[in-house]
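Participant: can't give you the sequence, but here's the structure:
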C-alpha cells in the first residue's frame, strides 16, 4: 500500500540517528551545525563605548549652563581609560574608545565650534545635548554569561563573528554523515564520454552531490550496472563505511529494476516503497540495523531531485541536530488543474511582492524527465491530493532548492 506524503515523511524522520560530534577551529566551522551552547564571556559591549568622534563631558556641567570646555587629553580607541581631572573641561574621544572616567555624554564634532586660547584648545557647544548621548553602555546589548548561540544553530557569518568575539577558538559541531551516492543503469556513460543514441550521460548523482555540498557534505559515489550480482558485490563493502545511501533509479517495476530485491538480500528493512506523490511515486526507503539509512530515489531527474529536498535533506539536518524549520508558503499566481489523487509538486519561480507576500509562478514543465524545467524554478509547491483545481491566489507550502 502506498503511503501518503505525510505518513512517508513521518516514517523517514522516525529513523533519524545522531551523527555524533567533532571539535573544529572556529574558522573552519562555518556551514556546520552547532552542538554546544556558546555564552558571552563578558558583557556586550564590555565597556561604556563611544559611538561618535567628538568630546566627552560631564553632563551636569552643561546642565548648569556651561557652553565652552577646554581639552585635557585625547581618548583613542584601544587606549587605557583616561580620567577627567576637572569637570569643567572635556576629553576628545574617538569612535570605539572607552568613555573616560568622570564623563557621561559625548558631543560629536559636527555640533562643536573649536578655538585656541593661548595654546589651550577649547570647544563651544552649538546645539542641544541629551544626558548619555552617543554612549553605548556596558552590557546594554547582552549580559555576561548569556547564551548567545544555541545547539542546532547553523554557523554562518554572524555566528562566526560571535564565536570570535567571545574567544571561542574551538567549537563543537555535528559530525557530517558519511554518504554514498549510487547511480544505476546500463544506459549511463561518464560525463566526458560521447553517448551513443541509446545512452545518456550520468547526471542525477551530480545534482545530488551538489545539493549535499551545499550542506558541507562530500559524498562518495559509485555506478552500478543492471546486474543483481554486480549490485550486491559493489554495495556490500559500503555497509560498514557509510551512514546514508542515496541511490538514483532501478526502483520502479521494470524487469531490470533489481535494486529493491538486492537491498533486501543485503539485509535492509524496507519501511515503504511508493508514495502518493508526483513526481517521485516509486520512492523506496529503508534501514540496515547498525548500517546505513537508504533513500532509493526514482531515476527520473525531477523525481529524485524533489525527493531529496522533501525527504533526504530534512533527515540529514535532523541527524546533525539542526533546528527544525517549517516550510515557507507562497501564493499561486496561475490556476492549476491536476487530476490524479496524488500530492503534486509543481516547479515554481518565487517572487517577492510589494505587499510582503511571496508569489509562486508555475514554470513550463513536461513531466519528471524534464530536467531543464528546474533551471527557471526556485522551489516545488506542494498541492494537496484532496483537491484537483488550485485557484490563482490560493496559498500552499513550498520546498525551496535555491
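Facilitator: Perfect, thanks for sending it. Nothing here was measured: the structure is a model prediction, and the numbers come from that model.

Participant: pLDDT wise, what is the closest residue to residue 281 other than its chain neighbours at?
Facilitator: The shortest distance from residue 281 to any residue other than its chain neighbours is 5.9 Å, reached at residue 274 (CB to CB, 6 or more residues apart in numbering). (C-beta placed from N, C-alpha, C; glycine too.) pLDDT recorded at residue 274 is 95.

Participant: Run through the residues that contact residue 274.
Facilitator: The contact partners of residue 274, by CB atoms under 8 Å, 6 or more residues apart in numbering, come to 2, 3, 281, 282, 283, 284.

Participant: And the buried ones among these, selectable in ChimeraX?
Facilitator: The ChimeraX command for the buried members of the contacts of residue 274 (criterion: 16 or more other CB atoms under 10 Å) is given here:
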select :3,281,282,283,284
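
Participant: Make a markdown table out of the contacts of residue 274 and add distance to residue 260.
Facilitator: Output for the contacts of residue 274, formatted as a markdown table (distance: CB to CB, whole Å):
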| residue | distance to residue 260 |
| --- | --- |
| 2 | 15 |
| 3 | 15 |
| 281 | 14 |
| 282 | 9 |
| 283 | 11 |
| 284 | 6 |
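
Participant: residues contacting residue 399?
Facilitator: Contacts of residue 399 (CB under 8 Å, 6+ apart): 306, 309, 310, 327, 345, 379, 380, 382.

Participant: gap between it and residue 214?
Facilitator: Separation of residue 399 from residue 214 (CB to CB, to the nearest Å): 14 Å.

Participant: check contacts around the nearest residue to residue 230 once chain neighbours are set aside.
Facilitator: With sequence-adjacent residues excluded and distances taken as CB to CB, 6+ apart, residue 230 is closest to residue 224, at 6.5 Å. Residue 224 is in contact with 182, 183, 184, 185, 230, 231, 234, 235, 250, 259, counting by CB under 8 Å, 6+ apart.

Participant: Against residue 199, how distant is residue 224?
Facilitator: For residue 224, the distance to residue 199 - CB to CB - is 16 Å.

Participant: again with residue 227
Facilitator: According to CB to CB, residue 227 and residue 199 sit 17 Å apart.

Participant: What of residue 374?
Facilitator: Residue 374 is 22 Å from residue 199, by CB to CB.

Participant: Name the residue in these two with the higher neighbour count.
Facilitator: Shown here are residue 374 and residue 199; by other CB atoms under 10 Å, residue 374 has more neighbours (19 against 13).

Participant: next one: phi and psi at the more buried one?
Facilitator: phi -80, psi -20 (degrees, to the nearest 10).

Participant: Where does pLDDT dip in the stretch 251-400 of the chain?
Facilitator: Regions of the stretch 251-400 of the chain meeting the criterion pLDDT under 70 cover residues 253-256.

Participant: Mind jotting down where the helices sit in it?
Facilitator: 259-265, 301-307, 313-319 (DSSP state H, counting those that start in this stretch).

Participant: Out of those helices, which is closest to residue 118?
Facilitator: Shortest distance between residue 118 and those, using CB to CB, is found for helix 313-319: 70.2 Å.

Participant: Which other helices and strands does the closest one contact?
Facilitator: helix 5-13 (3 or more CB pairs under 8 Å, 6 or more residues apart in numbering; DSSP states H and E).

Participant: just checking, what packs against the helix it packs on?
Facilitator: When contacts are defined as 3+ CB pairs under 8 Å, 6+ apart, helix 5-13 sits against strand 269-273, strand 284-287, helix 313-319.

Participant: Out of those, which gets nearest to residue 41?
Facilitator: Comparing the helices and strands packed on helix 5-13 against residue 41 with CB to CB, the closest turns out to be helix 313-319 (29.2 Å).

Participant: okay, which residue is most central for the protein?
Facilitator: What sits nearest the mean C-alpha location of the chain, by CA atoms, centre = their mean, is residue 154, with 5.9 Å.

Participant: That residue: what's it in contact with?
Facilitator: 31, 32, 33, 34, 322 are the contacts of residue 154 under CB under 8 Å, 6+ apart.

Participant: Show me what the fourth one is bridged to.
Facilitator: What that stands for is residue 34. For residue 34, the beta-bridge partners under DSSP bridges are residue 173.

Participant: Make sure it is actually in contact with residue 171.
Facilitator: Yes. Contact status for residue 34 versus residue 171: in contact at 6.9 Å, counting by CB atoms under 8 Å.

Participant: Look up the residues that both of these two are in contact with.
Facilitator: Common neighbours of residue 34 and residue 171 (CB under 8 Å, 6+ apart) are residue 155.

Participant: any chance you could map the helices in the stretch 1-150 of the chain?
Facilitator: Under DSSP H, counting those that start in this stretch, the stretch 1-150 of the chain gives helices at 5-13, 59-63.

Participant: what's the closest of these to residue 359?
Facilitator: With CB to CB as the yardstick, what comes closest out of those is helix 5-13 (23.6 Å).

Participant: Could I get the buried residue list for the closest one?
Facilitator: Buried residues in helix 5-13, defined by neighbour count with 16+ other CB under 10 Å: 5, 8, 9, 12.

Participant: quick one: contacts for the first one?
Facilitator: It refers to residue 5. Residue 5 touches 275, 276, 277, 310, 343, 382, 385, counting by CB under 8 Å, 6+ apart.

Participant: What of the second one?
Facilitator: Going by CB under 8 Å, 6+ apart, residue 8 touches 272, 275, 277, 283, 285, 311.

Participant: contacting residues around the nearest residue to the fifth one once chain neighbours are set aside?
Facilitator: Excluding the flanking residues, the one nearest residue 285 by CB to CB, 6+ apart is residue 271, at 5.0 Å. Taking CB under 8 Å, 6+ apart as the contact definition, residue 271 lies against 11, 12, 15, 285, 286, 287.

Participant: just so I have it, where are all the strands in the stretch 51-200 of the chain?
Facilitator: All strands of the stretch 51-200 of the chain, identified by DSSP state E, counting those that start in this stretch, fall at 54-57, 68-75, 89-93, 105-108, 112-117, 120-125, 135-136, 147-149, 170-174, 179-184, 188-189, 200-201.

Participant: between the longest one and strand 112-117, how big is the angle?
Facilitator: This means strand 68-75. Orientation of strand 68-75 against strand 112-117 (axes from the mean of the first three to the mean of the last three CA atoms, to 10 degrees) gives an angle of 90 degrees.
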